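Can you look at this prediction? I've put the sequence above it.
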Amino acid sequence: MSDRAPECPKLLDWPVAVLTLLSIPVIFYRLGSYSLVNGDEGLYHYVARHMLEAGEWFRLEFTGEHRVYDTFMNAPIHYWVKAVLIAAFGDNYWTMRILSAVFGLLSVLMTYRLTGYLANRWAAFVSGLLQITTVQFIYLHGARTGEMEAIITFFITLAAYLLLRALEQGRSFVPHFICLAVLTNLKLPLVIVPLAADFLFLVLTPAAWSRLRGWALTGLVILPLGLAWHIGQALAIGDQFWQVMGTMTRQASAASDFRAQTTLGIIIGNALFYGHVVLFGAFPMAAAYPFAIVGVLASKEGSPQRRAIRLLLLYAATVVTYFVIVAQHYPWYIIPMYPFLSSLLAMWLERLRRAAPNTPVVLAASVILGLLLWLHVEIWSFNPFAVVAREIQGETSWRELLPVPLWLGFPISVLILAGLLHNAVLLWRARSARAIAYGLLVILIGLAGVRTLYPLQYTEHQSELAQLRVKITEAEAAGEALDYPIPVPEFAPLKVRYYFGDDFDIKVMPQDGRLSFFLYPKDNPRPASYWSLQK
């Protein structure tokens, strides 16, 4: 297919070393110091611990509950590796998160490698910097917490890279589909995303039509092997399999969201939701993403570069589309999109520094700078270790910079900035393109870097749940009698079960007009209020 295969940056190169050194403090600093952040990281760690302790390597169990649904959604590879880590390094917060942290680093390096196929080493290095400083990717169900999003992000990015390499260099599709088979055994439904992006790219790219048959045949051979776990579990659990399928179907339909009245309502609601999530989770880069996408699409490149950019855009668009049309939504679902957005933004900045600035570029830079002036995203009081990711929907607001309303003040600011940049273009001429590109890069990376580094001061954070667990353990060790029922300070089912599910009977009862958890001794009769509440 290739007119000229893109040149890939070397794996062992100075940008790789720099990106790795920068990632170490951002991702690994005091990784095991703070308490449980999200319920999912507790669930995954507990399942792995149980596998190790009970020797039941084919059963996913959480505080006595057989997690049949998770058996199909999150098949075993992830848990097996966690169990090995626990056996080697102990049962602690570090082993809970180190797998996500390692794949967070690998995702940064994979972003660099992928971008190198589409541009050059400078753009690839910038894309890695953008990925490191994306707050949501680092903190909110990301590289610094023990879920699977960082792992999934790596494999989806790797899948795009392997497909691109296969197409442009005439290589086999086998590595690409092995990658997808691994993804199938991490989060089964998400294999739809790269498969859809692959198919759309092959169909929409005439130069790739000759490879479509080989792609399909390779997938038909390898992907069924990746489903061996799911097929075996389906045969083992019998009728429960159809219950799991029903749950998955409801989550992907309007029935799972009582607020949604129509399919269109779901799509619009999800689009607004994820737009807000990206604005908070990827600020300030989020202000530049739309211009980067349009700018890259409008650029004139050779055939291989255009094809590679099309693949990148399709992967990003497929991630977004998949979750926009699925009724159930959570902020972390779109994290696998960020490497592609980082690549697109880096490539756009690369084109800005090489091209003569024109009116659209000046206006785009002015709007981006205007948004950064007027948009307020909380930095100084943001503690990502204190709130579960599902409750962080972004504290964003508009500033009051001028004694005029926003609808008037914002365009005035943009016009003033455009005038200043236009004068700079006239003054510096050939050098102005680099000045604008480097200026935007310094502002974006600088502000994003502050947002990313500042929360590291909270790595000693211990939640009220963790503190309660310590107090109870100390009281039991001292032989003190516990005063039941013990109220639980946080209404977070998975986190409460992780800390107390093995040692206490956990009840749900009303307190001060809201539902709360209470701890009772194991096998204690349930109070009448509990039964009436359940009815």
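Good, I have the coordinates.

For residue 94, the count of nearby residues, please.
17 (other C-beta atoms under 10 Å). C-beta here means a position set from N, CA and C on the backbone, and glycine is covered the same way.

Where does it sit: helix, strand or coil?
With DSSP: H, G, I helix; E, B strand; the rest coil as the basis, the three-state label of residue 94 is helix.

ditto for residue 283
In the three-state summary, residue 283 is assigned as coil, counting by three-state DSSP.

quick one, phi/psi of it?
Comment: the main-chain dihedrals of residue 283 come out as phi -70, psi 140, following degrees, to the nearest 10.

what residues are up against it?
Residues in contact with residue 283, defined by C-beta atoms under 8 Å, 6 or more residues apart in numbering, are 135, 375, 377, 396, 447, 448, 451.

one more time with 7 Å
residue 377 (C-beta atoms under 7 Å, 6 or more residues apart in numbering).

Report the outermost residue of the protein with respect to its centre.
Among the C-alpha atoms of the chain, the one most distant from their mean position (C-alpha atoms, centre = their mean) is that of residue 479, at 44.6 Å.

quick one: residue 294 from residue 397, how far?
Residue 294 sits 26 Å away from residue 397, going by C-beta to C-beta, to the nearest Å.

Quick one: distance of stretch 404-423 to the chain centre.
Relative to its chain's centre, stretch 404-423 lies at 34 Å (C-alpha atoms, centre = their mean, to the nearest Å).

What residues sit buried inside it?
Within stretch 404-423, the residues that count as buried by 16 or more other C-beta atoms under 10 Å are 409, 410, 413, 414, 417, 418, 421, 422.

Excluding covalently adjacent residues, which one is nearest to the second one?
Among residues not flanking residue 410 along the chain, residue 374 sits closest, at 5.5 Å (C-beta to C-beta, 6 or more residues apart in numbering).

Just confirm the one you found contacts residue 400, I think it does.
No. Taking C-beta atoms under 7 Å as the definition, residue 374 is not a contact partner of residue 400, at 9.1 Å.

isn't residue 33 right up against residue 458?
No. In this structure, residue 33 is not within contact of residue 458 by C-beta under 7 Å, at 9.8 Å.

can you put the buried residues of stretch 404-423 in TSV and add pLDDT, secondary structure and distance to residue 518?
Below are these laid out as TSV (pLDDT from 0 to 100; DSSP: H, G, I helix; E, B strand; the rest coil; distance: C-beta to C-beta, whole Å):
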residue	pLDDT	secondary structure	distance to residue 518
409	88	helix	51
410	90	helix	50
413	92	helix	53
414	93	helix	55
417	91	helix	57
418	91	helix	60
421	86	helix	61
422	83	helix	66
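
about what we covered before: between residue 374 and residue 400, which is the more surrounded one?
Remark: of residue 374 and residue 400, residue 374 carries more neighbours, 18 against 12, as counted by other C-beta under 10 Å.

Give the phi and psi angles for residue 462, as a check.
Note on residue 462: its backbone torsions stand at phi -120, psi 120 [degrees, to the nearest 10].

thinking again about what came up before, which one of residue 294 and residue 397 has more residues nearby?
Set side by side, residue 294 and residue 397 give different neighbour counts by other C-beta under 10 Å, the larger being at residue 294 (14 against 11).

Going by secondary structure, the more buried one is in what exactly?
Counting by DSSP states H and E, the secondary-structure element that holds residue 294 is helix 289-298.

Do me a favour and average the pLDDT over that helix.
Averaged over helix 289-298, pLDDT sits at 91.

likewise stretch 177-196?
On average, stretch 177-196 scores 93.

in it, what counts as buried?
Within stretch 177-196, judged by 16+ other C-beta under 10 Å, the buried ones are 177-188, 190-191, 193-196.

So which of those are in helices?
Per DSSP state H, helices hold the following members of the buried residues of stretch 177-196: 177, 178, 179, 180, 181, 182, 183, 184, 193, 194, 195, 196.

now for these, which pair is the farthest apart?
Using C-beta to C-beta, those span at most 18.7 Å, a distance reached by 178 and 196.

Nearest residue to the middle of the protein?
Against the mean C-alpha coordinate of the chain, by C-alpha atoms, centre = their mean, the closest residue is residue 335 at 2.3 Å.

Please report the distance of it from residue 397.
24 Å.

same deal with residue 487?
Residue 487 sits at a distance of 34 Å from residue 397 (criterion: C-beta to C-beta).

Now do residue 526, the pLDDT please.
In the predicted model, residue 526 carries a pLDDT score of 47.

And for residue 397?
At residue 397, the pLDDT recorded in the model is 83.

Now find how far off-centre the strand or helix carrying residue 264 is within its chain.
With elements delineated by DSSP H and E, residue 264 resides in helix 263-281, which encompasses its position. The gap between the average C-alpha position of helix 263-281 and the chain average comes to 15 Å, counting by C-alpha atoms, centre = their mean.

buried ones in it?
Of the residues in helix 263-281, those with enough neighbours to count as buried (16+ other C-beta under 10 Å) are 266, 267, 269, 270, 273, 274, 277, 278, 279, 280, 281.
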